[in-house]
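**Q** Generate coordinates for the sequence data below:
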Amino acid sequence: MEFVKFKIEGMTCDHCATGISKKFENKKGIVNKQISYPDGAGSFTYDPAKISKDDIAEIINSTGHYKVTGELTGENNSVNKFDLIIIGGGSAAFSAAIKAESLGLSTLMVNAGLDFGGTCVNVGCVPSKNLIRAAETAYRASHSDFAAIKPKGAEIDFGQLIKDKKKLVATLQEKKYMDVVRDFKNLTMLNGWASFKNNHTIVVDGKEYNGLKFLIATGATTNIPDIEGIDKTGYLTNVTLFDLEEKPESLTIMGAGYIGLEIAMAYNRLGVKVRVMEFTAMVLRKQTPDISEVLETQMKNEGIELLPGYRAIKLEKRGAETIIHCKRPDGSTAELLEKGKLVVATGIKANTQKLKLQSIGLKLTENGHVVVNDKMETNIQNIYAAGDVANTPSYVYTAAYEGKIAVENAFAGLAKQADYSSLPWVVFTDPQVAGAGLDEMEAEAQNIPFEVSKLALKEVPRAIAANDTRGFIKLIRNKETDRLIGARVVAPEGGELIQQLSMAIKYGITIGELAESLYPYLTLGEGIKLAAITFGKDVSKLSCCAS
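**A** The predicted structure follows:
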């Protein structure tokens, strides 16, 4: 890719710049164009194998109204000028950088806070799922689903477990992130906090960097609630908890969303006494009550204390202990004593505070996330956003998806759109909770004529044979088309089913087709077939081979 900037005479307003820009729509070889009336200039990133700078000048001159009067040399030779500047260093940022490299774009990635790799590898998916699986191993060593098998427990070296987790994180951070971009010729990586001076310039450690296009991919962090005394408690979040090598005596977890519940189950199984506070009436409050009921039953059976409807109003330290003053569901107050650690898991907030977005007028949601459309475009023409910082689903795989889309739309003119209508997701509790598409409440809100089939795992041969029938498979169909529009699975390893259901939603598979397909016997996947059959039959009265 090459860059040229021409001085253009004849422009009298922004409309003139727009007219010139339209002359280059669908022109082969034009990677990016920026026509500025105030500057009296046009900047072009182009593929010299498909179009020359003389061709570009001739297109401008052919309008008859505007004329190229010279080339502004040296405008892209400065080390501080880039085609693309990515602010952030996580999944969205790396996906964008990989795509930018394939397009030959000069790219700057500026990162601060977490190490390169972002939330997922450093403090999110990788460490949490590693500890969840370790905790499951410990739990199975002392709990059996078979009366004839009596496990004798496990010896847990908690400090070594955390050290092994840190080693895994460091290995994957290097292998899956840094090694991937190490040989990139057009990528510059910079540590530092970035802030916008204007929509083409950022400042990092007092030095200015200019970009044609920007991608904000700064992620999100724990949203710390405004509670009196919280700043004096020494609270933990997932960022700090996962590095604690000394096993805490106990944990009080504020928040019963997916992060809070995954932490609760993992640490409880590793021998930590766990209590979970949730200001609403149930865990996973955004899901339907039947999902919450299964999880609450399991957590209580494992000895986790659940406090639904409890809202913390004041926190204070008494020596090494934390006193939690809270309101109970009936309006009365109570004091809870925490001798161990307080963990805050009360949702996330976008990392935008240091970007000085007010200086460029970038639009944010009420919760502080960057507003984007399905093309990852913001309200400012040359600025895009992707990942947890944006008002889109917060998953590592959606962040990577969005980072790629943003670069393709910014520089390749593809107008790609993110489609989350069949998005699959998983909560890694035990049993796992997984979903795709709409649930009953969402279908009703959209006035879709729907019908629900819910199959308890006690009707699935695989679960019966495994002596583990916790949970259910729920399908939601459009009654008029028979198409699957949503699914929810609560089951041991239930997350392994959800991709199939997501694909069925995406490609318009009907319930009839799901029911008539062949499934291997004694697999959990067979439960999908049985749940589909349940729309019209009572599967409890069918032979295991019937359909």
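**Q** In terms of residue numbering, what are the domains of the chain?
**A** If you go by automatic domain parsing, the domain ranges for the chain are 2-71, 81-221+350-411, 230-346, 424-541.
**Q** Select, out of those domains, the one closest to residue 418.
**A** Residue 418 sits nearest to domain 81-221+350-411 of all these, at 4.9 Å, using CB to CB. Where you see a C-beta, it was placed from the backbone N, CA and C, and this is true even at glycine.
**Q** average pLDDT across the closest one?
**A** Across domain 81-221+350-411, pLDDT averages out at 95.
**Q** just stretch 303-312 next, same as before
**A** On average, stretch 303-312 scores 97.
**Q** So which residues make contact with that stretch?
**A** With contacts defined as CB atoms under 8 Å, 6 or more residues apart in numbering, stretch 303-312 is touched by 225, 227, 254, 256, 264-265, 268, 273-283, 296, 299-300, 324-329, 334, 336.
**Q** What of stretch 318-333?
**A** Here stretch 318-333 has contacts from 233, 252, 277, 281, 308-317, 334-339, 342, using CB under 8 Å, 6+ apart.
**Q** gap between the two ends of that stretch?
**A** 19 Å (CA to CA, to the nearest Å).
**Q** buried stuff in the lengthiest strand in the chain?
**A** Of all the segments of type strand in the chain, defined by DSSP state E, the longest one is strand 207-216. For strand 207-216, the neighbour count (16 or more other CB atoms under 10 Å) marks 209, 210, 211, 212, 213, 214, 215, 216 as buried.
**Q** Equivalent analysis for stretch 85-93, please.
**A** Buried residues in stretch 85-93, defined by neighbour count with 16+ other CB under 10 Å: 85, 86, 87, 88, 89, 90, 91, 92, 93.
**Q** Return the residues in contact with the residue lying closest to residue 35 once chain neighbours are set aside.
**A** Once flanking residues are discounted, residue 35 sits nearest to residue 17: 4.1 Å by CB to CB, 6 or more residues apart in numbering. Taking CB under 8 Å, 6+ apart as the contact definition, residue 17 lies against 11, 35, 36, 37.
**Q** number of nearby residues for the first one?
**A** The reference is to residue 11. Burial of residue 11 is recorded as 21 neighbouring residues (other CB atoms under 10 Å).
**Q** try the last one
**A** For residue 37, the tally of surrounding residues (other CB under 10 Å) stands at 16.
**Q** do you know how far it is from residue 18?
**A** Plainly put, residue 37 is 9 Å away from residue 18 if you go by CB to CB, to the nearest Å.
**Q** ok, and what's touching stretch 506-514?
**A** In contact with stretch 506-514 (CB under 8 Å, 6+ apart) are residues 421-422, 453, 475, 477, 481-484, 503-504, 528-529, 532, 535.
**Q** List only buried entries from those.
**A** Here, 16+ other CB under 10 Å leaves 422, 453, 475, 477, 482, 483, 484, 504, 528, 529, 532, 535 buried among the contacts of stretch 506-514.
**Q** coming back round to it: which two among the contacts of stretch 506-514 are spaced furthest apart?
**A** 421 and 529, at 23.4 Å, using CB to CB across these.
**Q** quick one: which of the contacts of stretch 506-514 sit in strands?
**A** 453, 475, 477, 484.
**Q** residues in contact with the spatially closest residue to the last one that is not a sequence neighbour?
**A** The one in question is residue 484. Once flanking residues are discounted, residue 484 sits nearest to residue 504: 4.9 Å by CB to CB, 6+ apart. Under the criterion of CB under 8 Å, 6+ apart, the neighbours of residue 504 are 484, 487, 514.
**Q** pLDDT score assigned to the first one?
**A** According to the predicted model, the pLDDT of residue 484 comes to 98.
**Q** Same check on the last one?
**A** In this model, residue 514 is scored at 97, pLDDT.
**Q** Give me the helices and strands touching the helix or strand that contains residue 57, please.
**A** In the assignment (DSSP states H and E), residue 57 maps to helix 53-61. Packing partners of helix 53-61 (3 or more CB pairs under 8 Å, 6 or more residues apart in numbering; DSSP states H and E): strand 2-9, strand 41-46, strand 67-71.
**Q** which SS class is residue 399?
**A** Three-state call for residue 399 (DSSP: H, G, I helix; E, B strand; the rest coil): helix.
**Q** same thing with residue 49?
**A** From three-state DSSP, the assignment for residue 49 is coil.
**Q** wouldn't it be in contact with residue 29 here?
**A** Yes: using CB atoms under 8 Å, residue 49 and residue 29 qualify as a contacting pair, with a distance of 7.3 Å.
**Q** Among those two, which residue is more densely surrounded?
**A** Comparing residue 49 with residue 29 by other CB under 10 Å, the one with more neighbours is residue 29, at 18 against 8.
**Q** and which of the buried residues of stretch 85-93 is nearest residue 62?
**A** Nearest to residue 62 among the buried residues of stretch 85-93: residue 85, at 32.6 Å, using CB to CB.
**Q** all helices for the stretch 401-547 of the chain, in order.
**A** 440-445, 461-465, 498-506, 511-516, 526-533 (DSSP state H, counting those that start in this stretch).
**Q** Over to the stretch 1-150 of the chain?
**A** 14-22, 53-61, 91-102, 118-123, 125-140.
**Q** again with the stretch 251-400 of the chain
**A** 258-269, 289-301, 396-411.
**Q** Out of those helices, which gets nearest to residue 447?
**A** Per CB to CB, nearest to residue 447 of those: helix 289-301, 22.1 Å.
**Q** what's next to that closest one, contact-wise?
**A** Residues from elsewhere that reach helix 289-301, judged by CB under 8 Å, 6+ apart: 261, 264-265, 268, 276, 282-285, 306, 429-431, 433, 454, 470-472, 474, 488, 490.
**Q** Run the angle between it and helix 258-269 for me.
**A** Between helix 289-301 and helix 258-269, the angle comes out at 20 degrees (axes from the mean of the first three to the mean of the last three CA atoms, to 10 degrees).
**Q** Extract the C-alpha set from helix 289-301 and format it as PDB.
**A** Provided in PDB are the C-alpha atoms of helix 289-301 (Å, rounded to 0.1, in the frame of the first residue of the first chain):
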ATOM      1  CA  PRO A 289     -36.500 -18.100  36.600                       C
ATOM      2  CA  ASP A 290     -36.400 -21.800  35.700                       C
ATOM      3  CA  ILE A 291     -32.700 -21.400  34.800                       C
ATOM      4  CA  SER A 292     -31.900 -19.600  38.100                       C
ATOM      5  CA  GLU A 293     -33.800 -22.200  40.100                       C
ATOM      6  CA  VAL A 294     -31.500 -25.100  38.900                       C
ATOM      7  CA  LEU A 295     -28.400 -23.100  39.700                       C
ATOM      8  CA  GLU A 296     -29.600 -22.000  43.100                       C
ATOM      9  CA  THR A 297     -30.500 -25.600  44.000                       C
ATOM     10  CA  GLN A 298     -27.000 -26.900  43.000                       C
ATOM     11  CA  MET A 299     -25.200 -24.100  44.700                       C
ATOM     12  CA  LYS A 300     -27.100 -24.500  48.000                       C
ATOM     13  CA  ASN A 301     -26.500 -28.300  47.800                       C
END
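**Q** Please name the residues that touch residue 336.
**A** For residue 336, the contact set (CB under 8 Å, 6+ apart) comprises 252, 275, 277, 307, 323, 324, 326.
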